[in-house]
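Asks: here is my input, please return the structure:
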Amino acid sequence: MASKSFGILFFCLGNICRSPVAEAVMAQLVAEAGLGDQIRVDSAATSTYEIGNRPDHRTQAVARAQGYRMNHVSRQLRPQDLEDFDLIIGMEDKNLDDAFSLLRPSAAQKDKFRLLRDWDPVGKGIVPDPYYGNTADFELVQTIMIRTIPALLADIKARLA
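Replies: Numbering: from 1, shown residues only. Reported below is the predicted structural model:
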């Protein structure tokens, strides 16, 4: 593989439920593929609600049960992310709207934004926010990530080739 570098940033409202799971799943797949020197993974929030906080305890419990590690602390999207990342991936349309309002990306920069389920083999849609739900809602988010992120990684690997 060429020595190109690729940055991927996942984001959601608070960066404590959905995007840290996406980051953890992608980071593990990247490490297993031996691509840690080529693919950078991070996650962020559109809001300031949870800045500085670790992922929700339910998110962590479900991730741990599947063998994923989370070392993330919530942060908000920042203008520099538009330069630092090649793909900026939200969980639902509202996330995209909020990110565009916050960052005011140029037309070219908007091309970097996608929804995670654009790669879902089951079909497009949103990754529902489990925050006000129960354990099953957090497990659903994890299931979507585990099902979808391998296809996203395959896409990124093709871009790096």
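
Asks: shaky segments in the chain?
Replies: Low-confidence segments of the chain (pLDDT under 70): 1-3.

Asks: which SS class is the residue most central in space within it?
Replies: Taking Cα atoms, centre = their mean as the criterion, Phe10 is the residue nearest the geometric centre of the chain, at 2.5 Å. Three-state call for Phe10 (DSSP: H, G, I helix; E, B strand; the rest coil): strand.

Asks: ranges for the helices of the chain?
Replies: Taking DSSP state H, the helices of the chain run over residues 18-32, 57-65, 81-84, 93-103, 107-110, 135-160.

Asks: now find how far off-centre the last one is within its chain.
Replies: Translated: helix 135-160. Offset of helix 135-160 from its chain centre (Cα atoms, centre = their mean, to the nearest Å): 9 Å.

Asks: buried residues in stretch 76-90?
Replies: Going by neighbour count (16 or more other Cβ atoms under 10 Å), the buried part of stretch 76-90 is 76-77, 81-82, 85-90. The C-beta positions use only the backbone N, C-alpha and C, and glycine is treated the same way.

Asks: which one of those sits closest to Phe113?
Replies: Ile88 (5.1 Å; Cβ to Cβ).

Asks: so that closest one bridges to which residues?
Replies: Leu9, Phe113 (DSSP bridges).

Asks: who's in contact with it?
Replies: 8-9, 11, 81-82, 99, 112-114 (Cβ atoms under 8 Å, 6 or more residues apart in numbering).

Asks: swap the cut-off to 10 Å and go again
Replies: The contact partners of Ile88, by Cβ atoms under 10 Å, 6 or more residues apart in numbering, come to 7-11, 42, 44, 77, 81-82, 95-96, 99, 103, 105, 109-114.

Asks: and the buried residues of stretch 76-90, which two are furthest apart?
Replies: Gln76 and Asp86, at 19.8 Å, using Cβ to Cβ across the buried residues of stretch 76-90.

Asks: report the buried members of the contacts of Ile88.
Replies: 7-11, 42, 44, 77, 81-82, 95-96, 99, 103, 105, 109, 112-113.

Asks: export the buried residues of stretch 76-90 to CSV and tack on distance to Thr148?
Replies: Shown next, in CSV, are the buried residues of stretch 76-90 (distance: Cβ to Cβ, whole Å):
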residue, distance to Thr148
Gln76, 24
Leu77, 21
Asp81, 21
Leu82, 24
Phe85, 18
Asp86, 18
Leu87, 13
Ile88, 16
Ile89, 10
Gly90, 13
